[in-house]
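*Asks:* generate coordinates for the sequence data below:
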Amino acid sequence: MPVRDFNTAIAGRSAAAIRHATAVRRFGALALLLTLILPWVASAQDNFLAREGSTTIDRQIQMGQYVIPSSFFGMHINNVHTPWPTAYFANERLEGSDVNWWNIEVAPGEYDYYWLDQWLQHAQSHNVTVIYTFVGVPEFYSSIPDDDRCTFQLGACDPPKDLNEDGSGRNEAFQNFVRSLVRHNAELGYPIRYWEMWNEPDIVRQWIPTCENPGHKCTGNLKYAQLLRMAADGRAIIRNADPTAVVLSPAPVGLRGAAGWMGDYLAALTKEGGPYPDVVAFHGYLNKWVMGSFPVPENEVQLVKEMKADLKKYGLQSKPLWITEGSWGNTILDGFTDPVLQTAFLARYIVLQQSLGIARGYWYQWDQPQGDGRLWQGPGATGNWNLSGYAYNSIVNWTMAATLTSACSNRGSFWVCKYARSTPSGYQAEIVWNPKGNSTYGVPQGFKQYCDLKGNVTRVQHNKAAIGIWPILLENKNLAKGPCQQF
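*Replies:* Prediction:
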């Protein structure tokens, strides 16, 4: 993930102070207005949490009445200078964007909000919501400041030194950072509404509880005690400043242990008596990180099933379930670089998330320089999207505001998902693919055409369609805006 040079951060502090003062004046009136309407917003927040609840969505899917909301689509952007994506998304997550704790607090008690302000201004101007993710302990606060196991910088994955192994201690370093951040957020008019309490705490590079170091032993709840304390302190400060804020759980990652980690975290949280998160978050990567072993999008079914089992076990099944990060992942580790395979993965992966009742999915990452989920063709290119970008746009067009009348199901060699729309009257569609490869699909009576992920339209002949690892969209009639809902 990208890391901005530390010296640049230090050099920018004076200029950042000027920019901060300008931002405060600009957004001051808005902040005052928001303080008057926060009670109304809090009520709206409760309604949205109920609408996005896991059991609520599952029930609607079972009844064939779930309408894919625009709020499902989320995105990560790597570089603040990248032209704003032309692909649609409603939500943005700020992680790997030069806004981690260690990026912002450049010296004890000294905060550089320049990069965060840039991101927030972009988000506000494009009317997208924002998740801020806590991660990256500054080296001067780290309990092991020379720890080179950490991703971002030395010591960034170790708990703050004023937080004891059992979760006791002052925890002032983290509390002060949260206070400063939420105060800054208020000055800007509350652009951050969602707060994720740590990034991928189940992998060593991101978080190492004190009890996992030599000379210690993780007994009882010790493995989770420090994160639980930070989450509780952070939530209290955030909610005190903004009662409408939505607090997400820490987000564990992928097939190799996300559900197991979350189950143990919720068990420890239950023993502590809460507070529980408003949203349960995890990262939906499906990689095995072995060269030549490629991620399989259909494996998302098992991962989501396990996460839902965790929620049910601890009585949290009414909570929304968000995948706050996911894509085909790091291609350096497994060699998954074929654009045709990447495109097929993306389409099936997103459609299955919707069908599994995931309320929001955040794709990682629009402009990732190492290729992790990259959808942008790059500067100077003729078009804005690469092949996978076209596929993403197609899935948005095919599914957004459509009613999922029958969840995606495996029918022999084929996966089939059924949809309807009220306009035009009687519109029906199916998204179909065969993960095993090329084959012929017997098209149900009434379907007249099908679209591929690049928007090409083919008339159905003799009730048959050639399909393969790329999903196609079968339609019984043109939409008002044209074939395949191409905007």
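
*Asks:* switch to C-alpha atoms for all contacts and neighbour counts from now on
*Replies:* Will do.

*Asks:* quick one: low-confidence residue ranges for the stretch 151-300 of the chain.
*Replies:* Within the stretch 151-300 of the chain, no stretch has pLDDT under 70.

*Asks:* okay, strands next: where are they in it?
*Replies:* 194-196, 246-248, 280-283 (DSSP state E, counting those that start in this stretch).

*Asks:* so which of the ones you listed is the most surrounded?
*Replies:* When the strands of the stretch 151-300 of the chain are scored by mean count of other CA atoms under 10 Å, the highest mean neighbour count falls to strand 280-283 (a mean of 26).

*Asks:* who touches that strand?
*Replies:* 196, 200, 248-254, 258, 319-326 (CA atoms under 8 Å, 6 or more residues apart in numbering).

*Asks:* again, only using 7 Å
*Replies:* 248-254, 258, 319-326 (CA atoms under 7 Å, 6 or more residues apart in numbering).

*Asks:* ditto for stretch 330-339
*Replies:* 289-294, 371-372, 387-388.

*Asks:* host element of residue 393?
*Replies:* Remark: residue 393 resides in helix 387-399, with elements defined by DSSP states H and E.

*Asks:* not counting its neighbours along the chain, what's nearest residue 389?
*Replies:* Leaving aside its chain neighbours, residue 389 sits nearest to residue 375 (4.3 Å; criterion: CA to CA, 6 or more residues apart in numbering).

*Asks:* over to residue 354?
*Replies:* Leaving out its chain neighbours, residue 354 is closest to residue 68 (CA to CA, 6+ apart), at 7.2 Å.

*Asks:* return the members of the contacts of strand 280-283 classed as buried.
*Replies:* Neighbour-count burial (16 or more other CA atoms under 10 Å) applied to the contacts of strand 280-283 gives 248-254, 258, 319-326.

*Asks:* just the residues you listed now: which is nearest residue 224?
*Replies:* residue 250 (10.8 Å; CA to CA).

*Asks:* right, and that closest one touches residue 202 too?
*Replies:* No: applying CA atoms under 7 Å as the test, residue 250 and residue 202 come out as separate, 9.4 Å apart.

*Asks:* quick test: name the residue nearest the centre of this structure.
*Replies:* Geometric centre of the chain, nearest residue: residue 324, 1.9 Å, by CA atoms, centre = their mean.

*Asks:* that one and residue 362 touch, don't they?
*Replies:* Yes: shown here, residue 324 and residue 362 form a contact pair, counting by CA under 7 Å, at 4.9 Å.

*Asks:* which parts of stretch 357-377 are buried?
*Replies:* Within stretch 357-377, the residues that count as buried by 16+ other CA under 10 Å are 357-368, 371-377.

*Asks:* strands - which of those residues land there?
*Replies:* Among these, the members falling in strands (DSSP state E) are 360-363.

*Asks:* now render those as CSV, adding distance to residue 352 and pLDDT.
*Replies:* Putting those into CSV (distance: CA to CA, whole Å; pLDDT from 0 to 100) gives the following:
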residue, distance to residue 352, pLDDT
360, 12, 98
361, 11, 98
362, 14, 98
363, 14, 98
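
*Asks:* now, which of the residues you listed sits nearest residue 421?
*Replies:* residue 360 (21.0 Å).

*Asks:* who's in contact with the closest residue to that closest one other than its chain neighbours?
*Replies:* Once flanking residues are discounted, residue 360 sits nearest to residue 72: 4.1 Å by CA to CA, 6+ apart. Taking CA under 7 Å, 6+ apart, we find residue 72 in contact with 359-361.

*Asks:* and residue 72, how far is that from residue 362?
*Replies:* 8 Å (CA to CA, to the nearest Å).

*Asks:* could you do residue 394 as well?
*Replies:* 16 Å.

*Asks:* ok, back up a step: for the ones in strands among the buried residues of stretch 357-377, give me JSON lines that also has distance to residue 228.
*Replies:* Listed next are those as JSON lines, based on distance: CA to CA, whole Å:
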{"residue": "360", "distance to residue 228": "24"}
{"residue": "361", "distance to residue 228": "25"}
{"residue": "362", "distance to residue 228": "24"}
{"residue": "363", "distance to residue 228": "27"}
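
*Asks:* what ranges do the helices span in the stretch 1-150 of the chain?
*Replies:* 6-11, 13-51, 54-62, 101-104, 114-125 (DSSP state H, counting those that start in this stretch).

*Asks:* average pLDDT for the shortest one, rounded please.
*Replies:* Right, the one you point to is helix 101-104. Per-residue pLDDT values across helix 101-104 average out to 96.

*Asks:* give me the distance from it to the chain's centre.
*Replies:* Here helix 101-104 is found 20 Å from its chain centre; the criterion is CA atoms, centre = their mean, to the nearest Å.

*Asks:* only C-alpha atoms, please: export that helix in PDB.
*Replies:* Presented in PDB, the C-alpha positions along helix 101-104 are these (Å, rounded to 0.1, in the frame of the first residue of the first chain):
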ATOM      1  CA  TRP A 101      -2.700   7.700  12.100                       C
ATOM      2  CA  TRP A 102       1.000   7.800  11.600                       C
ATOM      3  CA  ASN A 103       0.500   9.900   8.400                       C
ATOM      4  CA  ILE A 104      -1.600  12.500  10.300                       C
END
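
*Asks:* OK, contacts around residue 166?
*Replies:* Here residue 166 is in contact with 222, 225-226 (CA under 7 Å, 6+ apart).

*Asks:* and of these, the nearest to residue 124?
*Replies:* Closest to residue 124, out of all of those and judged by CA to CA, is residue 226, at 33.6 Å.

*Asks:* hmm, residue 169 and that closest one touching each other?
*Replies:* No: applying CA under 7 Å, one finds residue 226 not in contact with residue 169, separated by 9.7 Å.

*Asks:* which of those two has more residues huddled nearby?
*Replies:* Neighbour tally, residue 226 and residue 169, criterion other CA atoms under 10 Å: the higher count belongs to residue 226, 24 against 13.

*Asks:* circling back: so what's the residue nearest to residue 354 up against?
*Replies:* Per CA under 7 Å, 6+ apart, neighbours of residue 68: 399-403.

*Asks:* out of the residues you listed, who's the most crowded?
*Replies:* residue 399 (24 neighbours).

*Asks:* what separates that residue from residue 479, distance-wise?
*Replies:* 13 Å.

*Asks:* can you give me the strands in the stretch 301-450 of the chain?
*Replies:* 321-326, 360-363, 403-411, 414-421, 427-433, 439-442, 449-451.

*Asks:* got those as TSV, with distance to residue 190 columns?
*Replies:* Formatted as TSV, the strands of the stretch 301-450 of the chain follow (distance: least, CA to CA, whole Å):
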stretch	distance to residue 190
strand 321-326	20
strand 360-363	21
strand 403-411	33
strand 414-421	35
strand 427-433	39
strand 439-442	50
strand 449-451	41
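
*Asks:* and these: which comes nearest residue 461?
*Replies:* Across those, closest to residue 461 is strand 449-451 (CA to CA), at 8.7 Å.

*Asks:* and the next helix or strand past that closest one?
*Replies:* strand 457-459.
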